[in-house]
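Asker: Below is the sequence, then the predicted model.
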Amino acid sequence: MITWKKHFLYQVDYQHWANDILFASLDHLDDAARRSPQGLFFENVHKTVEHLLLANRNWMARLRQEPPPAQDRARDGEWKDLKNALRLDMRDMQRWLDAQPDSFFDQRLSYLATNNQSHSAWVRDILTHIMTHMAHHRGQLSAVATRLGAPMPEMDFITYRREMGEHLEHIRQQQ
């Protein structure tokens, strides 16, 4: 039986994997293309990836019941630094969720939104929001990357599960 905890640990691993697939595609673009206006809600590729990083940090602070993080902007930073920050944050999220008891995922959490309004939601709904929010923006980024001439990233969940299954089978055969 899969628990909420296991489900979200798989989901965070998938997010990390899908981000890497997307980054491999976006790396074919030069910095000018990644920063060019593309009609995205956050204007361009760089700012949209920055949004993923900052939104993830906000939600993790809420889950940890910590004050919101300083909104340091990576917009003028290097692409490599932005990608690596998101990679590290996703692995940190995975380790943190792994350390939580199963009961954590069945709790309601009260938090302040960015507009300072108080809200309450189930932890599992918050985590589902984080995962779908990332997939939503990755889909937009994938379309933009392809339009700009980068290879189309294949980053759907079923491909991830297939690759992970093949990897585990390979490990079993090596033992």
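Answerer: Everything's here; your move.

Asker: Output stretch 36-45 as PDB, restricted to C-alpha atoms.
Answerer: Taking Å, rounded to 0.1, in the frame of the first residue of the first chain, the C-alpha atoms of stretch 36-45 are listed here in PDB:
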ATOM      1  CA  SER A  36      13.700  37.400 -24.100                       C
ATOM      2  CA  PRO A  37      10.000  38.200 -23.800                       C
ATOM      3  CA  GLN A  38       7.900  35.100 -24.600                       C
ATOM      4  CA  GLY A  39       4.400  36.000 -23.500                       C
ATOM      5  CA  LEU A  40       4.700  34.000 -20.300                       C
ATOM      6  CA  PHE A  41       3.000  35.100 -17.100                       C
ATOM      7  CA  PHE A  42       6.500  35.800 -15.700                       C
ATOM      8  CA  GLU A  43       7.600  37.200 -19.100                       C
ATOM      9  CA  ASN A  44      10.500  34.900 -20.000                       C
ATOM     10  CA  VAL A  45      12.100  31.500 -19.400                       C
END
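
Asker: now the helices: where do they sit in the protein?
Answerer: Remark: helices assigned in the chain by DSSP state H are 4-26, 31-34, 45-63, 79-99, 123-147, 157-174.

Asker: which strands and helices sit next to the first one?
Answerer: For helix 4-26, the helices and strands in contact under the criterion 3 or more CB pairs under 8 Å, 6 or more residues apart in numbering; DSSP states H and E are helix 45-63, helix 79-99, helix 123-147, helix 157-174. The way it works is simple: take the backbone N, C-alpha and C, and place the C-beta from them, glycine included.

Asker: what sits up against the third one?
Answerer: Counting contacts by CB atoms under 8 Å, 6 or more residues apart in numbering, the residues outside helix 123-147 that touch it are 4, 8, 11-12, 14-15, 18-19, 22, 25-26, 28-29, 38, 40-41, 45, 48-49, 51-52, 55-56, 59, 62-63, 97, 104-109, 151-153, 155.

Asker: Pass me the low-pLDDT residue ranges in this protein, would you?
Answerer: Residue ranges of the chain with pLDDT under 70: 72-76.

Asker: Derive a PyMOL selection command for the buried subset of the contacts of helix 123-147.
Answerer: Entered in PyMOL, the line below selects the buried ones among these, by 16 or more other CB atoms under 10 Å:
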select buried, resi 4+8+11+12+14+15+18+19+22+25+26+29+38+40+45+48+49+51+52+55+56+59+62+63+97+104+105+153+155
